[in-house]
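Participant: fold the stuff below for me.
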Amino acid sequence: MRKQRLNVFLDTSALIAGIASSRGAARAVLQLAEIRLIEVIVSRQVIVEADRNIEEKLPEMLNEYRKFIELLAPVLIDDPRKQDVERFKKVIDHDDAPILASAVNSGADFLVTWDRKHFIAKNIHIHSNLKIVTPGEFLKYFREYLE
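Facilitator: Numbering: from 1, shown residues only. You can find the predicted model right below:
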């Protein structure tokens, strides 16, 4: 028996891409969350990073972004403990270790990211219980999940 909804941790790149674009795979992932077909999970770090990046690069979208996050109501988890981050610094870039630790700690099924260089190309998934995918790859999994 499959569970009701997949738990999807979004990193900053996927969250911003979904908000900044009116179409595309990252936007489709957010739309699945809006209609409650998936559960989106983010850490405080992701929210802060996204807020900072949008304010810096897309200031005209800042209010829209904040309203969207409020309406989306993702599961917001605390940033990981230092020892959890240290564990993942051995397998991934130091700046990305908190994101990986948060995703693992959240109990997510997927980590959705556009960061191919640090997360996907290095096969980081073998160090966690997560499927680490791009938004487009997640949509393929989701279609299969529905069948």
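
Participant: now do the strands in the chain.
Facilitator: According to DSSP state E, the chain carries its strands in the segments 6-10, 38-43, 75-77, 110-112, 131-133.

Participant: and Leu145, how far is that from Thr113?
Facilitator: Careful, residue 145 is Tyr; it's not Leu. 19 Å (CB to CB, to the nearest Å). Using the backbone N, CA and C atoms, a C-beta is placed for each residue, glycine as well.

Participant: comparing these two, which residue is more hemmed in?
Facilitator: Comparing Tyr145 with Thr113 by neighbour count (other CB atoms under 10 Å), the higher total belongs to Thr113, at 28 against 14.

Participant: in the biggest helix by length in the chain, which residues are buried?
Facilitator: Longest helix in the chain, counting residues (DSSP state H): helix 44-57. Of the residues in helix 44-57, 45-47, 49-51, 53-54 count as buried by neighbour count, 16 or more other CB atoms under 10 Å.

Participant: next: stretch 95-110.
Facilitator: The neighbour-count check on stretch 95-110 (16+ other CB under 10 Å) flags 96-106, 108-110 as buried.

Participant: among those, which are in helices?
Facilitator: Using DSSP H, these in helices are 97-106.

Participant: what residues does the spatially closest residue to Ile99 that is not a sequence neighbour make contact with?
Facilitator: Leaving aside its sequence neighbours, Ile99 sits nearest to Asp11 (CB to CB, 6 or more residues apart in numbering; 5.2 Å). Contacts for Asp11 were tallied using CB atoms under 8 Å, 6 or more residues apart in numbering; they are 46, 99, 103, 111-115, 119.

Participant: closest to Lys131 among those residues?
Facilitator: When the contacts of Asp11 are ranked by distance to Lys131 (CB to CB), Leu111 comes first, at 7.4 Å.

Participant: correct me, but Ala108 touches Ser128?
Facilitator: No: judged on CB atoms under 8 Å, Ala108 makes no contact with Ser128 at a distance of 9.6 Å.

Participant: hmm, back to that, which other residues reach the longest helix of the chain?
Facilitator: Residues from elsewhere that reach helix 44-57 (CB under 8 Å, 6+ apart): 10-12, 15-16, 19-20, 61-62, 65-66, 69, 76-79, 98-99, 102.
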